[in-house]
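Engineer: Okay, here's the prediction I keep looking at, along with the sequence it came from:
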Amino acid sequence: MTPEQVAAASKPVVLELGDVFTRCPTTMRRARLLGIPGWAFYVTGRAGALGDVRAETVAAALGFLAPDAVADGWDGARRIVQPIDVAAATVAECCRWGDERLDALPGISRLATLLGRAVDAADASGMPLFAAWRAMPVPVRTAGARAAVGLRLLREHFAGAHLIAVRSSGMTPLEAVLAGPEGEAGAVACGWPPPYPPVGPLVRRRLWAEAVTDRLAAPAFAALGPVDGAELLELLTATRAHLAEPG
């Protein structure tokens, strides 16, 4: 497989698994312990690695979330806790979830190693959020925790690549969300209020942007080579299947 093929095939799994821990009830309990709402914890947990910056900077880095919704979450959290502390709590919860849910799965140590190699090789140019996350210390070093953090980091890498690709296509972030699989429901979830522009003319640009996203992410997977790249896909697929099993 070529690096672009590995990127394209792994992208949906990484986007799914790299965000699962944020919906864990224990993770949401951490938000309550910090004294902030769940939305503020999500926004500040993702962007807090950037430090104590303005909400406009956060909205630019996140890209696909509505600026007003970002400001509500970011500024609300900043009045109570430092953003870097929320980011550290997010990393800790990611590690905890990985240690609890992934560590006993077959092949997880190998998956953690392959993910780590891809993350280390990824080009962070134009992706400040990914670069900031990659620089965050990881408090737990079990295989499951390392795999969970690797998934989260690759998710941010794909998100950063997609934002660059979307803007290169001439679409706005809102237009890209509307042209995606969730359509208007996705726009609402990202905080964008109606009315919305028509979707029809955007679909072709969205497909072009997806291809460019894979091209931008490909160097991370080129470091693995075709054999290890194929193994990464197998392990990602198996991990998703294990997590989907009842119990």
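Structural biologist: Arrived safely.
Engineer: Show me where the chain has its helices.
Structural biologist: 3-17, 25-34, 38-47, 55-62, 67-78, 83-101, 108-121, 128-134, 143-169, 173-179, 183-189, 203-222, 225-244 (DSSP state H).
Engineer: any chance of these in a markdown table, plus mean pLDDT, mean neighbour count and distance to Pro195?
Structural biologist: The C-beta positions use only the backbone N, C-alpha and C, and glycine is treated the same way. As requested, these are exported to a markdown table (pLDDT from 0 to 100; neighbours: other CB atoms under 10 Å; distance: least, CB to CB, whole Å):
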| stretch | mean pLDDT | mean neighbour count | distance to Pro195 |
| --- | --- | --- | --- |
| helix 3-17 | 97 | 19 | 28 |
| helix 25-34 | 93 | 14 | 32 |
| helix 38-47 | 96 | 25 | 23 |
| helix 55-62 | 97 | 19 | 21 |
| helix 67-78 | 97 | 20 | 16 |
| helix 83-101 | 97 | 21 | 33 |
| helix 108-121 | 98 | 20 | 40 |
| helix 128-134 | 96 | 21 | 29 |
| helix 143-169 | 97 | 24 | 21 |
| helix 173-179 | 94 | 22 | 11 |
| helix 183-189 | 95 | 15 | 10 |
| helix 203-222 | 95 | 19 | 19 |
| helix 225-244 | 96 | 16 | 36 |
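Engineer: Now render those as CSV, adding distance to Pro197.
Structural biologist: Shown next, in CSV, are the helices of the chain (distance: least, CB to CB, whole Å):
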stretch, distance to Pro197
helix 3-17, 24
helix 25-34, 33
helix 38-47, 25
helix 55-62, 19
helix 67-78, 17
helix 83-101, 32
helix 108-121, 35
helix 128-134, 26
helix 143-169, 14
helix 173-179, 6
helix 183-189, 10
helix 203-222, 12
helix 225-244, 34
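Engineer: what does stretch 61-81 contact?
Structural biologist: 34-37, 39-44, 46-47, 50, 52, 55-56, 58-59, 83, 86, 128-129, 159, 163, 166, 173-174, 176-177, 190-193 (CB atoms under 8 Å, 6 or more residues apart in numbering).
Engineer: That one spans what distance, first to last residue?
Structural biologist: Criterion CA to CA, to the nearest Å; first-to-last residue distance in stretch 61-81 is 20 Å.
Engineer: Contacts only, for the closest residue in space to Pro194 that isn't next to it in sequence.
Structural biologist: Once flanking residues are discounted, Pro194 sits nearest to Glu184: 7.4 Å by CB to CB, 6 or more residues apart in numbering. Glu184 sits next to 178, 194, 196 when contact means CB under 8 Å, 6+ apart.
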